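Colleague: Mind looking at a prediction? Sequence and model below.
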Amino acid sequence: MDDWEMWEMRDEARLSPRERLALLRIEADLLRDRRFARRMGAAPRGVWLPVAVLLLTVASVFVAVMGIRTSDPALLWSFALLWPLTLFQAFRLLCRATRARPGTGARTPRGTQPWL
């Protein structure tokens, strides 16, 4: 079944091919608008934030352990710079996971979004 048949079945209105093409172009333009898609809740979930949190956590733990073992001030300062950034990104990930989806109303456990 192609897009044209779906249009005919969905709303049972007869549209000319020109009108159908115009509607398909409008939909394609709306799907390309990232801000609009994000507002409508249809934006694909990116995996960059969870990956960043994971890598920053691993780097922070590694730098902390090596800094403690070697007592190197450069490693300890690196940890002091990495750790707040790691916590900030983890907080952003937590906020994204607990944000309610548009249209669900109150925040409920069912309204949580997946981590990835």
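Modeller: Received it, and whenever you're ready, just let me know what you need. Keep in mind the model is a prediction, meaning the values are calculated, not measured.
Colleague: Neighbours of residue 17, how many?
Modeller: Using other C-beta atoms under 10 Å, residue 17 has 8 neighbouring residues. For the C-beta atoms, the positions are set from N, CA and C on the backbone; glycine is no exception.
Colleague: Contacts made by stretch 70-83 with the rest, please.
Modeller: 56, 59, 60, 63, 64, 66, 67, 68 (C-beta atoms under 8 Å, 6 or more residues apart in numbering).
Colleague: Now the helix with the most length in the chain: buried residues?
Modeller: Assignment by DSSP state H gives helix 73-98 as the longest helix of the chain. Buried positions in helix 73-98, judged by neighbour count with 16 or more other C-beta atoms under 10 Å: 75, 78, 79, 82, 83, 86, 89, 90, 93, 96.
Colleague: filter the contacts of stretch 70-83 to the buried ones?
Modeller: Among these, those scoring as buried are 56, 59, 60, 63, 64, 67 (criterion: 16+ other C-beta under 10 Å).
Colleague: what helix or strand is the third one on?
Modeller: Taking DSSP states H and E as the definition, residue 60 sits inside helix 48-70.
Colleague: could I get that helix in CSV with only the CA atoms?
Modeller: The C-alpha trace of helix 48-70 is given here as CSV (Å, rounded to 0.1, in the frame of the first residue of the first chain):
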residue,chain,number,x,y,z
TRP,A,48,25.3,11.1,22.5
LEU,A,49,24.4,12.1,26.0
PRO,A,50,24.5,8.6,27.6
VAL,A,51,27.7,7.9,25.7
ALA,A,52,29.2,11.1,27.0
VAL,A,53,28.2,10.4,30.6
LEU,A,54,29.7,6.9,30.3
LEU,A,55,33.0,8.1,28.9
LEU,A,56,33.3,11.0,31.4
THR,A,57,32.6,8.6,34.3
VAL,A,58,35.2,6.1,33.1
ALA,A,59,37.7,8.9,32.5
SER,A,60,37.0,10.5,35.9
VAL,A,61,37.4,7.2,37.8
PHE,A,62,40.6,6.4,35.9
VAL,A,63,42.1,9.8,36.6
ALA,A,64,41.0,9.7,40.3
VAL,A,65,42.5,6.3,40.8
MET,A,66,45.8,7.1,39.0
GLY,A,67,46.0,10.5,40.8
ILE,A,68,45.6,8.8,44.2
ARG,A,69,48.1,6.0,43.4
THR,A,70,50.8,8.3,42.0
